[in-house]
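Engineer: Would you be able to build a 3D model of this:
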Amino acid sequence: MKTHKHLFLTGLMVAGLFGNSSFAAPKKPFVKQGIWRGVFTLSESQVPFNFELKGKDPEHAVFTLINGSRRDDFHVQRIGNDSLFIKMNTYDAALVAKIESDGKITGEYRSLVPNFRGNALPFTAEHGQTYRFAEPGTEAAPTYDISGKWDLKIYSKEPTPNRIGLLKQNGNKLTGVVMSVVGDSRELEGTVHGDEFELSGFTGPSPIYIKGKVNDDKSLTGEISLGIYNNIKFDGEKNAAAELPDPYKLTFLKEGYKKLDFTLPDLNGNNVSLSDDKYKGKVVIVEIIGTWCPNCTDQTSFLSPWYNKNKDRGVEAIAIGFEQKDDLEYAKYTLGKLKEKYNIQYDILFGGIADKKVASEKLPALNRMMAFPTTIIIDRKGEVRQIHTGYTGEVTGQYYKDYVAKWNQDLDALIAEK
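Structural biologist: Numbering: from 1, shown residues only. The predicted model follows:
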């Protein structure tokens, strides 16, 4: 029970954060507006990222991460006179930073998952620096143009399917995306200097860093770093015909199954099942996701507006979230943030801890849960007609266009069935 003293102290804290009280101490000027260059220290690597800050005060400030043509906006909170807290939207992580006396920003990328002992990533940032890797005028002329489609062979302890790199080079500037069976890296930005290249991406989840070399035979060798310890080496061959395994054939129903069956709680703790009257006789889209998963949020940003436009056509959708804590109250918070951000008007259920083995146990009709997200389409008779593993977003170009075209064609056909 909160005492009057506790409420009074809370009021003082709020006043100090937002400056709406005479109790607040005089504030220093807010952080400089404009373009910034940040640098994460990732193991022994320096991983740059670019962002823009707009707003003269924290109430109206917007923090925008820049990756090639992609823009991701986040809200800024000021803590006291010289500190910032930038929540990574639906990802339960934040940039926690201090404004130094010389105007620079220092801080760390920190997980906010309760009782999660993840390693924080320290960073520094400087105002007015617009470059990514090489300061203008210091670049070495590129030896090769590595634009095109690359077949990337991954070296890992466990057998790992090849990945595909789609790269576009313009002078020293390099942009691109790496595709795998679970989705894409989102847009990456970097540079080619001499016979070496670097790419980085930071959109809210942990940063991605790729460093490589163009060999004399014009093949590639390099390393992909995802977070602190997840480093994988690769070789690359340019191959316009390279393709990933068919995402419609990776996950399927076990022999003897035609239907999917589950009973899971919604965010209010009420059990929901596909056998409920709400779903009978309708085409149902089941989306298996997690708020920690960037490809899942990208898929949700596609599905939610599509559903809102088509929900009166005899179609329903269900999202099943597997989160970083096996706790309904925590899931209510994280999945609630997702619901709010993407205006989700379909049911959101909680599946349990974010683990493929757990997801497979909760959905035993599937051969295996291979990736978050996985999208299952069920016809009006309640039979599974399609399962798609992973998600590739707009940055993948024709792959995304083909996915959207097939999606609409297949859903139109199923909705038209009696």
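
Engineer: and the most centrally placed residue in the chain, what are its phi and psi?
Structural biologist: In the chain, the residue lying closest to the centroid (Cα atoms, centre = their mean) is residue 294, at 1.7 Å. When read as degrees, to the nearest 10, the backbone of residue 294 gives phi -60, psi -40.

Engineer: and stretch 397-412, average pLDDT?
Structural biologist: Across stretch 397-412, the average pLDDT comes to 97.

Engineer: Buried ones in that stretch, by neighbour count?
Structural biologist: Buried residues in stretch 397-412, counted by 16 or more other Cβ atoms under 10 Å: 399, 400, 403, 407, 410, 411. No exception for glycine: its C-beta is placed from N, CA and C like everyone else's.

Engineer: Spit out the contact partners of the residue nearest to the centre of the chain.
Structural biologist: Residue 294 makes contacts with 91, 183, 186, 203, 204, 205, as judged by Cβ atoms under 8 Å, 6 or more residues apart in numbering.

Engineer: quick one: contacts for the first one?
Structural biologist: Yep, that's residue 91 we're talking about. By Cβ under 8 Å, 6+ apart, the contact list for residue 91 reads 204, 205, 291, 292, 294.

Engineer: same deal with the fifth one?
Structural biologist: With contacts defined as Cβ under 8 Å, 6+ apart, the neighbours of residue 204 are 65, 72, 74, 88, 89, 90, 91, 93, 294.

Engineer: Correct me if wrong: residue 162 contacts residue 242.
Structural biologist: Yes - assessed by Cβ atoms under 8 Å, residue 162 is found in contact with residue 242 at 7.4 Å.

Engineer: how about low-confidence regions in the protein?
Structural biologist: Applying pLDDT under 70 to the chain picks out residues 1-29, 117, 228-229.

Engineer: repeat that for 50
Structural biologist: 1-26 (pLDDT under 50).

Engineer: Helices of that one, residue ranges please.
Structural biologist: Taking DSSP state H, the helices of the chain run over residues 4-18, 294-310, 328-341, 356-362, 398-416.

Engineer: Packed most tightly, which of those would that be?
Structural biologist: helix 294-310 (a mean of 19; mean count of other Cβ atoms under 10 Å).

Engineer: just how off-centre is that one within its chain?
Structural biologist: Centroid displacement of helix 294-310 relative to its chain, using Cα atoms, centre = their mean, to the nearest Å, is 13 Å.

Engineer: Now do it against helix 398-416, angle only.
Structural biologist: Helix 294-310 runs at 40 degrees relative to helix 398-416, counting by axes from the mean of the first three to the mean of the last three Cα atoms, to 10 degrees.

Engineer: Between residue 162 and residue 242, tell me which one has more neighbours.
Structural biologist: Using other Cβ atoms under 10 Å as the criterion, residue 162 and residue 242 rank with residue 162 on top: 21 against 17.

Engineer: how near is the more buried one to residue 230?
Structural biologist: 18 Å (Cβ to Cβ, to the nearest Å).

Engineer: Likewise for residue 317?
Structural biologist: 32 Å.

Engineer: before we move on, the earlier item: which residues are common contacts for residue 162 and residue 242?
Structural biologist: Common neighbours of residue 162 and residue 242 (criterion: Cβ under 8 Å, 6+ apart): residue 151.

Engineer: if we can go back for a sec, list just the nearest of the buried residues of stretch 397-412 to residue 264.
Structural biologist: residue 411 (23.6 Å; Cβ to Cβ).

Engineer: Who are the contact partners of the closest one?
Structural biologist: Contact partners of residue 411, counting by Cβ under 8 Å, 6+ apart, are 283, 285, 310, 315, 377.

Engineer: For the spatially closest residue to residue 238 that is not a sequence neighbour, grab the count of nearby residues.
Structural biologist: Among residues not flanking residue 238 along the chain, residue 148 sits closest, at 5.2 Å (Cβ to Cβ, 6 or more residues apart in numbering). Look at residue 148: counted by other Cβ under 10 Å, it has 14 neighbours.

Engineer: right, and residue 148 touches residue 241 too?
Structural biologist: No - the pair residue 148 and residue 241 fails to qualify as a contact (Cβ under 8 Å) at a distance of 11.6 Å.
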